[in-house]
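Colleague: Structure of the sequence below:
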Amino acid sequence: MSSFRTLDDLPADLSGQKALVRVDLNVPMDGAKVTDDTRLRAALPTILDLSDRGAIVLLLSHFGRPKGEVRPDMSLAQLVRPLAELTGRSVRFVEDCQGPEAARAIATMLPGNIGILENTRFHAGEEKNDPALSKAIAALGDFYVNDAFSAAHRAHSSTEGVAHLLPAYAGRSMEKELSHLERAVGQPERPVAAVVGGAKVSSKLAVLGHLVDKVDHLIIGGGMANTFLAARGVDVGKSLCEKDLLGEAESIFERAEAAGCTVHLPYDVVVAKEFAANPPSLRTCNVHEVAPDEIILDIGPAAVEALSDALKTCRTLVWNGPLGAFETPPFDAATVALARTAAALTEDGSLVSVAGGGDTVAALNQAGVGGAFSFVSTAGGAFLEWMEGRVLPGVAALQR
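Modeller: All right, here's what the predicted structure looks like:
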């Protein structure tokens, strides 16, 4: 039994019950066209499930950063058509997310109808988690469903405040996200490996600090690996390196040793004299042979092979961040190769693989293996905070 209520805890017949559903409709647009509908698709199972049971489905979301002002360019009215196309049902627009106008519009809706309420951030109280706004939003519904894990790290009226005022449930997307995260770090099958990549140690220090006590193998990649190499006395040339964090890197090595966690750093690297696509000065060398005028831009094939061997001994993998400067070829080679190994092990049934964070999703899709991982979280900030071991207010509010 999960620690939070889900849609399965609701009656089969919800005829005429008003469901306030917090989704994430904050999608990238080009004019009237949605350029990436991943978040809309993620909300469909919850919307259709509730609609099929006869609930009046009222969608709450933010869009952009209007900072409490009514901005027509940030109105959720522009999402009515894209959502109607995806659901295959008519979708109504309600011109506010609280107050008498909204209540009047909702009163004319029928069981099974779907409505998008106006941008919650048109109210300054939303981001302040203002109790008065939470109460006004809650007054429109009979129960609350949170299906927006990507916004769960923020304690706002629509993500947290309302959850305390109405019976609260996790939607299908939220439920899937939480159960996979629990499998990856909460109660994982051991041995566990974590891949943590990205440019800067400073942005991932809390993640590394939380993971050293939880995982058996900590694989450090990206620009941040240079800081750890430098802490080990390696001259990293002109590479990105946070010299002021060498002490922190050292303490993570010490904590890892105490916890019996193996820290994996590359022993061969791909370097170039300039950061550009396929530069003429490109070469692969041992980490101790990086010249003063060279930049480390990816980890080398020998290191990737060693990491693949380590993954083969593991049962669980959690992945956040690329191993090299993956947007620029050929510095995506290590990320693509290791991702393909992880995907193959997952498909064999020997590995549970969970990945998340914006860059990570892009890197896995580039490797063509996004669909082969056990679970890929589309949440950026929320996934990182969860990896740091923080309590996410939007999730805590759903606890039984």
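
Colleague: contacts and neighbour counts: CA atoms only from here.
Modeller: Fine.

Colleague: Kindly state the domain boundaries assigned to this structure.
Modeller: Here the domain parsing of the chain from automatic domain parsing is 7-173, 188-387.

Colleague: Ok, which of those domains comes nearest Gln399?
Modeller: domain 7-173 (8.6 Å; C-alpha to C-alpha).

Colleague: I'd like to know how many residues surround Ala132.
Modeller: Residue crowding around Ala132 was assessed by other C-alpha atoms under 10 Å; the count is 13.

Colleague: In TSV, list the domains of the chain along with mean pLDDT.
Modeller: As requested, the domains of the chain are exported to TSV (pLDDT from 0 to 100):
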stretch	mean pLDDT
domain 7-173	96
domain 188-387	93
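
Colleague: Just put those in JSON lines and tack on distance to His180.
Modeller: Listed next are these as JSON lines, based on distance: least, C-alpha to C-alpha, whole Å:
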{"stretch": "domain 7-173", "distance to His180": "11"}
{"stretch": "domain 188-387", "distance to His180": "7"}
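
Colleague: Go through those domains and name the closest to Val395.
Modeller: When these are compared by C-alpha to C-alpha, domain 7-173 sits nearest Val395, at 6.1 Å.

Colleague: Give me the number of neighbouring residues for Phe156.
Modeller: Residue 156: His, not Phe. Considering only other C-alpha under 10 Å, His156 is surrounded by 24 other residues.

Colleague: wait, what's in contact with it?
Modeller: Glu126, Glu127, Lys128, Asn129, Asp130 (C-alpha atoms under 8 Å, 6 or more residues apart in numbering).

Colleague: just those now: which is nearest Leu265?
Modeller: Closest to Leu265 out of the contacts of His156 is Glu127 (40.5 Å), distances taken as C-alpha to C-alpha.

Colleague: Surely the closest one and Arg121 touch.
Modeller: Yes. The pair Glu127 and Arg121 passes the contact test of C-alpha atoms under 8 Å, sitting 7.0 Å apart.

Colleague: Touching, Ala148 and Arg22? I think so.
Modeller: Yes. Under the contact definition of C-alpha under 8 Å, Ala148 touches Arg22, with a separation of 6.1 Å.

Colleague: which residues are common contacts for those two?
Modeller: Listed contacts common to Ala148 and Arg22 are Thr159; contacts here mean C-alpha under 8 Å, 6+ apart.

Colleague: which residues touch the strand or helix carrying Leu384?
Modeller: According to DSSP states H and E, Leu384 maps onto helix 381-387. Helix 381-387 is touched from outside by 149-153, 207, 210-211, 356-357, 377, 391-392, with contacts defined as C-alpha under 8 Å, 6+ apart.

Colleague: Cross these against strands and list the overlap.
Modeller: Using DSSP state E, the subset of these located in strands is Gly356, Ser377.

Colleague: hmm, which two among the contacts of helix 381-387 are most spread apart?
Modeller: Taking every pair in those and measuring C-alpha to C-alpha, the maximum separation is 22.7 Å, between Ala151 and Leu211.

Colleague: Quick one: neighbours of Glu95, just the number.
Modeller: Neighbourhood size, Glu95 [other C-alpha under 10 Å]: 16.

Colleague: Which residue, other than its chain neighbours, is closest to it?
Modeller: Glu118 (5.3 Å; C-alpha to C-alpha, 6 or more residues apart in numbering).

Colleague: my read: that neighbour touches Leu79, true?
Modeller: No. Using C-alpha under 8 Å, Glu118 and Leu79 do not qualify as a contacting pair, with a distance of 10.3 Å.

Colleague: about what we covered before: can I get the contacts of helix 381-387 in CSV including distance to Phe326?
Modeller: Formatted as CSV, the entries for the contacts of helix 381-387 read as follows, by distance: C-alpha to C-alpha, whole Å:
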residue, distance to Phe326
Phe149, 26
Ser150, 24
Ala151, 27
Ala152, 28
His153, 27
Val207, 21
His210, 25
Leu211, 24
Gly356, 16
Gly357, 14
Ser377, 19
Val391, 31
Leu392, 30
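
Colleague: Can you flag the buried ones in the contacts of helix 381-387?
Modeller: The neighbour-count criterion (16 or more other C-alpha atoms under 10 Å) marks Phe149, Ser150, Ala151, Ala152, His153, Val207, His210, Leu211, Gly356, Gly357, Ser377, Leu392 among these as buried.

Colleague: quick one: which of these sit in helices?
Modeller: Mapping those onto helices (DSSP state H) picks out Val207, His210, Leu211.

Colleague: Can you give me the neighbour number for the closest residue to Gly209 other than its chain neighbours?
Modeller: Spatial nearest neighbour of Gly209, excluding adjacent residues (C-alpha to C-alpha, 6+ apart): Ile252 at 6.6 Å. Residues lying near Ile252 (other C-alpha under 10 Å) number 20.

Colleague: repeat for Pro45
Modeller: Using other C-alpha under 10 Å, Pro45 is surrounded by 15 other residues.

Colleague: so it makes contact with Lys176?
Modeller: No. Counting by C-alpha under 8 Å, Lys176 is not a contact partner of Pro45; they are 11.1 Å apart.

Colleague: thought Asp13 was touching Arg53?
Modeller: Yes. Judged on C-alpha under 8 Å, Asp13 makes contact with Arg53 at a distance of 5.3 Å.

Colleague: higher neighbour count, the two?
Modeller: For Asp13 and Arg53, the more surrounded residue by other C-alpha under 10 Å is Arg53, and the numbers stand at 18 against 12.

Colleague: Compare the domains of the chain and report which one is nearest to Ala397.
Modeller: Shortest distance between Ala397 and these, using C-alpha to C-alpha, is found for domain 7-173: 5.9 Å.

Colleague: hmm, who's touching stretch 101-116?
Modeller: Contacts with stretch 101-116, where a contact means C-alpha under 8 Å, 6+ apart, come from 15-17, 47, 50-60, 76-77, 80, 90-96, 117, 140.

Colleague: Can you point out the buried residues in it?
Modeller: Residues Ala102, Ala103, Ile106, Met109, Leu110, Pro111, Gly112, Asn113, Ile114, Gly115, Ile116 are the ones in stretch 101-116 that count as buried (16+ other C-alpha under 10 Å).

Colleague: Among the residues you listed, name the ones in strands.
Modeller: Those of these mapping onto strands are Ile114, Gly115, Ile116, per DSSP E.
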